[in-house]
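Q: Turn this into a model:
(chains A and B)
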There are 2 protein chains.
Amino acid sequence: MTPAVAVLTEERILDAAEDVLRRFGPTKATVVDVAKALGVSHGSVYRHFPTKVALRDAVARRWLDRLVEPLDPARDTNGPAAERLLRWLERLAAIKQGLALNDPELFATFSQLTAEAREVVAAHVDHLAAMITEIIADGVRSGEFVVTDPVTAGRAVLHATARFHHPLHAAEWADPAVGSELHEVWQLLVQGLAARP
Amino acid sequence: MTPAVAVLTEERILDAAEDVLRRFGPTKATVVDVAKALGVSHGSVYRHFPTKVALRDAVARRWLDRLVEPLDPARDTNGPAAERLLRWLERLAAIKQGLALNDPELFATFSQLTAEAREVVAAHVDHLAAMITEIIADGVRSGEFVVTDPVTAGRAVLHATARFHHPLHAAEWADPAVGSELHEVWQLLVQGLAARP
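A: Down below sits the predicted model:
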């Protein structure tokens, strides 16, 4: 009997690419390294991902999708929208800050990778803003918030909290004051969301 | 008659240091380079600035002080505090964004310099937050804002607008939407400042 040969799926290529990026860093990692790690020709990899950029974008996309999975607003619908928004923002900050503090090398690798994957990051940012919009829209329905355009408000809340979740600010996250500073910003934002114009 | 020898003032040393940093970059520039540019011994420079770090910090401090000079809230006291705050934030964003776009090399040099001058930057951030606090306190006096702690609120407004003035975000400033995005965040913040708890 010959040993079973695993089918070369996109998932397996992405697993190998993530591992190669982690080991060699985004500057040095190549498609040939990924193919070698899988024991296949680089042509086989290119059949799934036509370019190196396409492969990197796919790795970045999968990584960011995994990051935001626990943030789905449908997972936490209890209590006032203002409190849900605080928990959501704190969860987002904890995910990003946790990565930066616990695995700084992997964090740096993916920060570099995503800095080059502009369209992937734009979709990620849209996704995050849409989740905030969902919480705000729930708050409007319950009469807690007074917002005519929850889409714009969601984006504004995401931008206003960049300091607490944007990887660029990682060096500031070691400051123990960062938690109470997020709370201060949230306080002002939810007052704004609840205010009658 | 011998030619007049200019007195070695701190101001002259800082001018020379700024020029040297600009030419060689923060990684390569040394105190000896600064002394050479002034035609003095490095000992003469050290009499004014005991260490290389002290000299760099002084350059960073002067540069940041110059940047914030046009932002003195006493220069623009017309109209509602909410509008003053918008103008102030737009002026801050214009100063930082203008530098980043018009003289990216100098901007990169000073960004690197200030990234290492943590205490100087902390004082700069406190100074900016204090200016916002001044505008908010005026708004409280006029009955426009309802804020029990303008110091905390000033810091929160500065943090909430980091995306539009923090040098880390320079790469995002080429996006033409950045102006309207600042406006959206400001809108939410002033609604929050004006809201009765």
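
Q: can we go C-alpha only for contacts and neighbour counts from here?
A: Noted.

Q: Have a look at chain A and report its longest helix.
A: Longest helix in chain A, counting residues (DSSP state H): helix A:118-141.

Q: Run through the neighbouring helices and strands of that helix.
A: Packed against helix A:118-141 by the contact rule (3 or more C-alpha pairs under 8 Å, 6 or more residues apart in numbering or on different chains; DSSP states H and E) you find helix A:52-68, helix A:81-102, helix A:104-116, helix A:150-160.

Q: which helices and strands does the first one pack with?
A: Going back to what we said before, that points to helix A:52-68. Using 3+ C-alpha pairs under 8 Å, 6+ apart, the elements in contact with helix A:52-68 are helix A:10-28, helix A:104-116, helix A:118-141.

Q: Would you reformat those helices as TSV and include mean neighbour count?
A: Formatted as TSV, the helices and strands packed on helix A:52-68 follow (neighbours: other C-alpha atoms under 10 Å in any protein chain shown):
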stretch	mean neighbour count
helix A:10-28	17
helix A:104-116	18
helix A:118-141	19
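
Q: Reformat these into JSON lines and put mean pLDDT next to each item.
A: Converted to JSON lines, these look like this (pLDDT from 0 to 100):
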{"stretch": "helix A:10-28", "mean pLDDT": "93"}
{"stretch": "helix A:104-116", "mean pLDDT": "87"}
{"stretch": "helix A:118-141", "mean pLDDT": "96"}
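
Q: Count the neighbours of the closest residue to A:E172 other than its chain neighbours for me.
A: Excluding its sequence neighbours, the residue lying closest to A:E172 (C-alpha to C-alpha, 6 or more residues apart in numbering or on different chains) is A:V178, at 7.8 Å. By other C-alpha atoms under 10 Å in any protein chain shown, the residues close to A:V178 number 15.

Q: Pretty sure A:V178 sits against A:F164.
A: Yes - counting by C-alpha atoms under 8 Å, A:V178 touches A:F164, with 7.4 Å between them.

Q: element containing the residue in chain A that chain B sits nearest to?
A: Nearest to chain B, among the residues of chain A, is A:G192, at 3.6 Å (C-alpha to the nearest C-alpha). Assigned by DSSP states H and E, A:G192 falls within helix A:178-194.

Q: what angle do that helix and helix A:81-102 make?
A: Here the directions of helix A:178-194 and helix A:81-102 differ by 150 degrees (axes from the mean of the first three to the mean of the last three C-alpha atoms, to 10 degrees).

Q: And the contacts of helix A:178-194?
A: Helix A:178-194 has contacts (C-alpha atoms under 8 Å, 6 or more residues apart in numbering or on different chains) with A:82, A:86, A:90, A:144-147, A:153, A:157, A:160-161, A:164, A:172, B:152-153, B:156-157, B:159-160, B:188-193, B:195, B:197.

Q: Same question for stretch A:49-56.
A: Under the criterion C-alpha under 8 Å, 6+ apart, residues A:L14, A:A17, A:T30, A:V31, A:L113, A:A117 lie in contact with stretch A:49-56.

Q: Report the contact partners of the second one.
A: With contacts taken as C-alpha under 8 Å, 6+ apart, A:A17 has the following neighbours: A:V31, A:V34, A:L55, A:R56, A:V59.
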